[in-house]
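A.B. asks: fold the following, please.
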Amino acid sequence: MCTPTKVLAVGDSIVAGDHLQWGQWDAWPARVDPWSCRWAAANRAVGGSGTADVAARLPGDLALVQPGEVWCLVGTNDLCHVHPDTICGRLAQMAQTAATAGARWRQATITPTAAAYPWRSCHEPDRVAVNAWIRSYFGPSVLDFDATLRAPNGTLDPAYDSGDRLHPNVLGHVRMADTARNVLAQP
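C.D. replies: Okay, here's the model as predicted:
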C-alpha cells in the first residue's frame, strides 16, 4: 500500500494555477507525482499573494495539512513594492516556521517575465537579486523555475508564456513539475 508524503504547496497564482484551464489540477504541484504515489500535494496557494500573505497563512495551513514537505513559490507580487532584503527575510522566516512544524521547506526561484511585462524595468533587478539569494540560502533543494522557464535573453521563454507575459502556460507547468521531480529525487 502506498503512503505518500503530504505536501503543502503555497504561493501565488503561479502555484494556484489561476490562469490555467483546470486551475490547481493543471498547476505544477499536481503534476509532480500524479501516478507513483510518492507525494500528495495540497495546494493552498492564493492568486495575488505576496510573501507577507503566505507567511500569515502558513501556520494555519501547516496545522491543517500537517505536511512532511512545503513547496513554496512566491515573490512576484512583492517585486517593485517590497525591498529584496524583506522578501528574503520573509522566505527564511517561513522556512523556519515549517521546520519548527516538522516539515522540510522547498523554495522555488521567482519565474521570469517576458520583455513586454509592464513592470519589468523595476521588477527584473529585484527578481535577480532575490533568486541569487534563494539559490545561495537554500542550496541544492531549490526548485529553480527561473532557469527552467528562462529564454536565452533572460525573459520568460515564449514557449512557456500563457499569453500575459507573466504566468506560465500548461507546457511551462509541465517543465516546472519535471524540474521539481528531479530535485525531489535527490536525497
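
A.B. asks: in this protein, which residue is closest to the centre?
C.D. replies: Leu73 (2.0 Å; CA atoms, centre = their mean).

A.B. asks: hey, what's that one bridged with?
C.D. replies: For Leu73, the beta-bridge partners are Gly11 (DSSP bridges).

A.B. asks: got the CA positions of the least confident helix or strand in the chain by mean pLDDT in PDB?
C.D. replies: Least confident helix or strand of the chain, by mean pLDDT, DSSP states H and E, is helix 28-31 with a mean of 81. C-alpha atoms of helix 28-31 as PDB (Å, rounded to 0.1, in the frame of the first residue of the first chain):
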ATOM      1  CA  TRP A  28       2.900  22.200 -11.400                       C
ATOM      2  CA  PRO A  29       2.300  20.800  -7.800                       C
ATOM      3  CA  ALA A  30      -0.400  18.400  -9.100                       C
ATOM      4  CA  ARG A  31       1.900  17.300 -11.900                       C
END
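
A.B. asks: distance from that helix to the middle of the chain?
C.D. replies: 11 Å (CA atoms, centre = their mean, to the nearest Å).

A.B. asks: next structured bit after that helix?
C.D. replies: Toward the C-terminus, helix 28-31 is succeeded by strand 39-43 as the next helix or strand (DSSP states H and E).

A.B. asks: other SSEs contacting that following strand?
C.D. replies: Packing partners of strand 39-43 (3 or more CB pairs under 8 Å, 6 or more residues apart in numbering; DSSP states H and E): strand 5-11, helix 28-31. In short, each C-beta sits where N, CA and C put it, glycine included.

A.B. asks: nearest to Leu64, out of these?
C.D. replies: The minimum distance between Leu64 and the helices and strands packed on strand 39-43 falls on strand 5-11, with 8.4 Å, by CB to CB.
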